[in-house]
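Q: Here is a sequence together with a model predicted from it:
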Amino acid sequence: MPSTVILGAQWGDEGKGKLVDYFCDRFDLVVRYQGGNNAGHTVQVGDTTYKMHLLPSGVIRGKRSLIASGVVVDPRVLKEEIDFFSGHRLPVGPDVLGVDFRAHIIMPWHTYWDAARESGTHKIGTTGRGIGPVYESKAARFGVRFEDLVNPHLLMTALERYYPIHARTLKEIFGVTKLPSLEATFKQYCTLGEHFKPYLCDASIEIDEALQRDKNVLFEGAQATLLDNNFGTYPYVTSSQPIAANAAASAGINPRLITRVEAVVKAYATRVGEGPFPTELTDALGERLRKRGNEYGTTTGRPRRVGWLDLTALELGNRLNGYDGMHITKLDVLAGINELKVCTAYQVGSKRITYFPTQREQVEKAVPVFETLDGFGEADWDDACHDSKARGFDALPKNARKYVEFIEKKSGLPVLSVSVGPGREQILLRGATP
Ligand code: IMP
């Protein structure tokens, strides 16, 4: 009963969607286990670019795909995504998609809360999709679940209970008066509930049964390790737990059933929103990486902050997630840079640490210690890329291979694949994959 978690090792946007799409063929079931439409997974197939915020990446290949109980769902967005796919001849019916009846619903007040809070002085730089507020409602046992959405009586009961409290506090604290009326919300969400009724499932049972029948299950992480609510750069984190252990908890399976964990690591680092980013490049080189890597948010369009790869962050992720190997993405973006830097330690006052600083005071004082490697030129890269389709990793320029091998050696983790462009065919396999 093999089951694999594929998750981001940095601050998100590592290219997980593309990897999951690529490896999907080997799996029978694909499961999204946390987060919501704050995620943005991009997959390019031929001339079409698919952007998914909620749908598991498995739907592109028509694989049975589940939204597990730990995911928070804006049903308006999910419906739009399903409609988009159907318009591109990829119908996502209840045979393809299942949504756990326990998954929480983003209600209009959650997005208003998110926006109102972010308009203040203490900003997290959220995606503004209501993710934090819906997880708060869930923890406070104040939430609306899919099982409520599809049942008009339960939906009305939830609205009568929660709507007045949210409407009043939004008005009194933030002066927000634009919240749609209770009646309008009921009408809109009732229609959505009707639409989603056939999709409802018990993902916990379905995954367990699949594993008992020796099916291959892929758990697709959203956001990433350094955005984890416990272990990321708190408070500049998301409100769920992207780490691998949470795949079992949020999907509702026995943790011993997870047999493999793979990291997706971008060849450099990016981050969206506020918060510490010790290897950040704020100069012309950073701008160049941003442009070449098209580092603009899939969800919000915001320019991403860009910096050097941080191996201490990878070590933190390995400690938390127990990686069996990693996939390095966007190596092509580094072509044409003379010297490549990789952070391998931090100087904190007189102390040198080889772990990622997460305590606030340490983060403030930490100065990255870099090792420098020779870069690879654009011309070499272009030649190699023609060849790499046939010859794979070995065709890459020597210094590109050296860069990958350096990461492998320093981290002690095998590199399973290297991606050198946005297309499916630009993933170069290396070593054993699931
Ligand atoms: P929230 O998840 O919208 O509450 O945002 C919290 C933090 O996580 C912000 O810094 C966001 O930019 C970041 N974030 C949330 N989802 C993603 C993602 O999928 N990729 C990258 N950053 C994300």
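A: Perfect, thanks for sending it. Residues are numbered from 1 along each chain as shown.

Q: Setting aside sequence neighbours, what's the nearest residue to Asp324?
A: The shortest distance from Asp324 to any residue other than its chain neighbours is 5.1 Å, reached at Arg260 (Cβ to Cβ, 6 or more residues apart in numbering). C-beta coordinates here come from the backbone N, C-alpha and C atoms, glycine included.

Q: contacting residues for the one you found?
A: Pro2, Ser3, Thr4, Val5, Asp324, Pro434 (Cβ atoms under 8 Å, 6 or more residues apart in numbering).

Q: Just to be sure, which of these are found in strands?
A: With strands identified by DSSP state E, the entries of these that belong to them are Ser3, Thr4, Val5.

Q: Quick check, pLDDT for the residue in the stretch 1-150 of the chain that the ligand sits nearest to.
A: Using Cβ to the nearest ligand atom, the single residue of the stretch 1-150 of the chain nearest to the ligand is Gly12, 2.7 Å away. Gly12 is assigned 95 on the pLDDT scale.

Q: Can you get me a residue count around the closest residue to it other than its chain neighbours?
A: The shortest distance from Gly12 to any residue that is not its chain neighbour, by Cβ to Cβ, 6+ apart, is 4.4 Å, and that residue is Ala224. Taking other Cβ atoms under 10 Å as the criterion, the count of residues near Ala224 is 29.

Q: Could you do Asn229 as well?
A: For Asn229, using other Cβ under 10 Å, the count is 19.

Q: separation between it and Glu136?
A: Noted for Asn229: a distance of 11 Å to Glu136, by Cβ to Cβ, to the nearest Å.

Q: who touches both of those two?
A: Shared contacts of Asn229 and Glu136, defined by Cβ under 8 Å, 6+ apart, are found at Ser239.

Q: Check the offset of the host helix or strand of Asn399 from the chain's centre.
A: Assessed by DSSP states H and E, Asn399 sits inside helix 398-411. Once both centres are worked out by Cα atoms, centre = their mean, to the nearest Å, helix 398-411 turns out to sit 25 Å from its chain's centre.

Q: mean confidence for that helix?
A: Taken as a whole, helix 398-411 has an average pLDDT of 97.

Q: Mind checking what helix or strand follows it in sequence?
A: On the C-terminal side of helix 398-411, the closest following helix or strand by DSSP H and E is strand 415-419.

Q: Go through stretch 73-84 and flag the buried ones.
A: Val73, Asp74, Pro75, Val77, Leu78, Glu81, Ile82 (16 or more other Cβ atoms under 10 Å).

Q: Helices of the stretch 1-150 of the chain, residue ranges please.
A: Counting by DSSP state H, counting those that start in this stretch, the stretch 1-150 of the chain forms helices over residues 16-23, 75-87, 108-118, 131-139, 146-149, given from the N-terminal end onward.

Q: Can you tell me the closest non-neighbouring residue to Ala267?
A: Nearest non-adjacent residue to Ala267, counting by Cβ to Cβ, 6+ apart: Leu331, 4.6 Å away.

Q: Contact partners for the one you found?
A: Neighbouring residues of Leu331 by Cβ under 8 Å, 6+ apart: Ala267, Leu396, Ala400, Tyr403, Val404, Val418, Ser419, Val420.

Q: Kindly report the same for Asn246.
A: The contact partners of Asn246, by Cβ under 8 Å, 6+ apart, come to Tyr33, Gln34, Gly70, Ser240.

Q: Now tabulate those in TSV and tack on distance to Lys341 and pLDDT.
A: Compiled in TSV, the contacts of Asn246 are given as follows (distance: Cβ to Cβ, whole Å; pLDDT from 0 to 100):
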residue	distance to Lys341	pLDDT
Tyr33	34	98
Gln34	32	98
Gly70	37	98
Ser240	32	98
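
Q: Could you identify which of these has the most neighbours?
A: Most crowded among the contacts of Asn246, counting by other Cβ under 10 Å, is Tyr33 at 32 neighbours.

Q: mind listing what Val72 touches?
A: Residues Gly35, Gly36, Ala103, His104, Ile105, Ile106, Ile131, Val134, Tyr135, Lys138, Ser240 are the ones in contact with Val72 under the rule Cβ under 8 Å, 6+ apart.

Q: out of those residues, which is most surrounded?
A: Within these, Gly36 tops the neighbour count with 32 neighbours, counted by other Cβ under 10 Å.

Q: For that one, give me the pLDDT.
A: Per-residue pLDDT puts Gly36 at 97.

Q: 581 is where my numbering starts, stick with that
A: New numbering, starting at 581: the last item is Gly616.

Q: So it sits against Pro655, correct?
A: No. Gly616 lies out of contact with Pro655 (Cβ atoms under 8 Å); the separation is 10.9 Å.

Q: Find the residues that touch each one of those two.
A: Taking Cβ under 8 Å, 6+ apart as the contact rule, the neighbours common to Gly616 and Pro655 are Ile686.

Q: Show me which residues of the chain sit near the ligand.
A: Taking Cβ under 6 Å from any ligand atom, the part of the chain that reaches the ligand is made up of 591-593, 618-620, 704-707, 709, 711-712, 802-803, 807, 816, 818-819, 852-853.

Q: and which of the contacts of Asn826 is nearest His746?
A: When these are compared for distance to His746 (Cβ to Cβ), Ser820 wins out at 20.8 Å.

Q: Skipping adjacent residues, who's closest to that closest one in space?
A: Nearest to Ser820 is Gln614, by Cβ to Cβ, 6+ apart, at 4.1 Å.

Q: which residues of the stretch 731-880 of the chain fall in helices?
A: When secondary structure is read from DSSP H, counting those that start in this stretch, the stretch 731-880 of the chain shows helices at 732-754, 762-776, 783-792, 825-831, 864-872.

Q: Determine which stretch of those is the most buried.
A: Most buried of the helices of the stretch 731-880 of the chain, by mean neighbour count (mean count of other Cβ atoms under 10 Å): helix 825-831, with a mean of 23.

Q: Report the rounded mean pLDDT for it.
A: Per-residue confidence for helix 825-831 averages out to 98 on the pLDDT scale.

Q: just to revisit the earlier point, which strands and helices sit next to the helix holding Asn979?
A: In terms of contacts (3 or more Cβ pairs under 8 Å, 6 or more residues apart in numbering; DSSP states H and E), helix 978-991 is packed against helix 891-901, strand 905-909, strand 919-928, strand 947-954, strand 995-999.

Q: Could you give the average pLDDT over the helix or strand following the last one?
A: Once the chain leaves strand 995-999, the next helix or strand it forms, by DSSP H and E, is strand 1007-1009. The average pLDDT within strand 1007-1009 is 93.

Q: Quick one: list the elements packing against strand 1007-1009.
A: Contact analysis of strand 1007-1009 by 3+ Cβ pairs under 8 Å, 6+ apart lists helix 596-603, strand 995-999 as its packing neighbours.
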